[in-house]
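A.B. asks: Okay, structure incoming, though there's no sequence with it:
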C-alpha cells in the first residue's frame, strides 16, 4: 500500500486500486495519523484539526464514523485502531514523505562525505516524489502546520542538489535552476552563493558579482542586515577568480 501526501493525499491499495477516501475531513484524519508515524493522535487533537474550533454536538460520533469509513477504504494490512483516548494508524506500506526524508538525509550525508555524484542522484530521487503543495486537499489547520516544514526540507534538498551538481562539474545545468531558485527565493543566501559559484564556473564572474550586489541590496533594504559569512565567502572566491 502506498500513501502519498507530497501533493494531494492519495492512497494506492495493495491490489493497485486507489482507495476512496471521501471528503476533506476523512482525508484530514488520515493525514494526521500518517504524520504521527505510529503514535496515538488524541481525540482533542483530531477534533481541533477537523473542526477548527467549531465543535458540533455530535463530534465524538462523527470522528468515530470517519475512522470506520477509513478502515473500510484502506482495508488490510493497514490497521486503524482506537487506543489511549485517540486513534493510531500502523500502515502496511510506504509513505512518500518518509521516503523523501530518508533520501534527503542520505543525500546530505553523501554531500558531507564529498561524494557529490551520489548526493545529486539521491536529491533528484527525493524531489521526484513531489506532486504539488503538501496536503493540498486537507483541512487548513493541519496543512498550514505541516506545509512550512516540508517546504523548508524541499528547499534544502534543492540547494543540496545544486551544490552537488556544481561539485561534479555540471555547472551549466545548475545555472538556470539556480537562477530560477534565487528569483523565487531572493533572501536565501545559500541559494544565491550557489548561483554565484555556478556562474563563475561557467566563465561568467562578472554576472556572479552582480548577483552578489543584488543580494546585498535586498538584504539591506528588506532586513537591514549585511550578507552572512557564506555569501561573503562566495563573493571573495569570485573576486579571487577574477584576480587570477
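C.D. replies: Good, I have the coordinates. In this text the structure is predicted, and so the values were computed from the model without any measurement.
A.B. asks: need the contact list for residue 136.
C.D. replies: Residues near residue 136 by Cβ atoms under 8 Å, 6 or more residues apart in numbering: 7-9, 143. Placement of C-beta: from N, CA and C, glycine included.
A.B. asks: Just want the phi and psi numbers for the closest residue in space to residue 173 that isn't next to it in sequence.
C.D. replies: Leaving aside its sequence neighbours, residue 173 sits nearest to residue 165 (Cβ to Cβ, 6 or more residues apart in numbering; 5.8 Å). Dihedral angles of residue 165 (phi, psi; degrees, to the nearest 10) stand at phi -60, psi -40.
A.B. asks: quick thing: my sequence starts at 14, can you match it?
C.D. replies: Fine by me, first position is 14 from now on; the one you just mentioned is residue 178.
A.B. asks: neighbours around residue 178, how many?
C.D. replies: Neighbours of residue 178 under the rule other Cβ atoms under 10 Å: 25.
A.B. asks: which residues touch the residue lying closest to residue 22 once chain neighbours are set aside?
C.D. replies: In this structure, residue 22 finds its nearest non-sequential neighbour in residue 40, 5.0 Å apart by Cβ to Cβ, 6+ apart. For residue 40, the contacting residues are 22, 34, 150-151, by Cβ under 8 Å, 6+ apart.
A.B. asks: count of neighbours near residue 110?
C.D. replies: Using other Cβ under 10 Å, the number of residues around residue 110 comes to 22.
A.B. asks: which residues of this protein fall in helices?
C.D. replies: With DSSP state H as the criterion, the chain has helices at 37-49, 56-64, 72-87, 109-125, 129-140, 153-180, 184-197, 202-214, 218-231, 242-256.
A.B. asks: mind checking how far the shortest one is from the chain centre?
C.D. replies: Looking back up the chat, that one is helix 56-64. 24 Å (Cα atoms, centre = their mean, to the nearest Å).
A.B. asks: same check, this time on stretch 24-33
C.D. replies: Stretch 24-33 sits 24 Å away from the centroid of its parent chain (Cα atoms, centre = their mean).
A.B. asks: can you check stretch 238-245 too?
C.D. replies: Per Cα atoms, centre = their mean, the centroid offset for stretch 238-245 relative to its chain is 25 Å.
A.B. asks: And for residue 65, nearest residue in space, chain neighbours not counted?
C.D. replies: With Cβ to Cβ, 6+ apart, the residue lying closest to residue 65 is residue 154, at 5.2 Å.
A.B. asks: before we move on, back to that, most neighbours out of the contacts of residue 149, which is it?
C.D. replies: residue 22 (22 neighbours).
A.B. asks: List the residues that contact that residue.
C.D. replies: 16, 34, 40, 43-44, 148-151.
A.B. asks: Put the buried members of those residues into a ChimeraX selection.
C.D. replies: Entered in ChimeraX, the line below selects the buried ones among those, by 16 or more other Cβ atoms under 10 Å:
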select :16,34,40,43,44,148,150,151
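A.B. asks: so which of the contacts of residue 22 comes closest to residue 165?
C.D. replies: Nearest to residue 165 out of these is residue 148 (Cβ to Cβ; 14.8 Å).
A.B. asks: So that closest one is in contact with residue 156, correct?
C.D. replies: Yes. Judged on Cβ atoms under 8 Å, residue 148 makes contact with residue 156 at a distance of 4.5 Å.
A.B. asks: Any buried residues in stretch 75-93, and which?
C.D. replies: Using 16+ other Cβ under 10 Å as the test for burial, stretch 75-93 gives 76, 79-80, 82-83, 86-87, 91, 93.
A.B. asks: Most widely separated two among these?
C.D. replies: Top of the distance list for those (Cβ to Cβ): 76 and 91, 17.9 Å.
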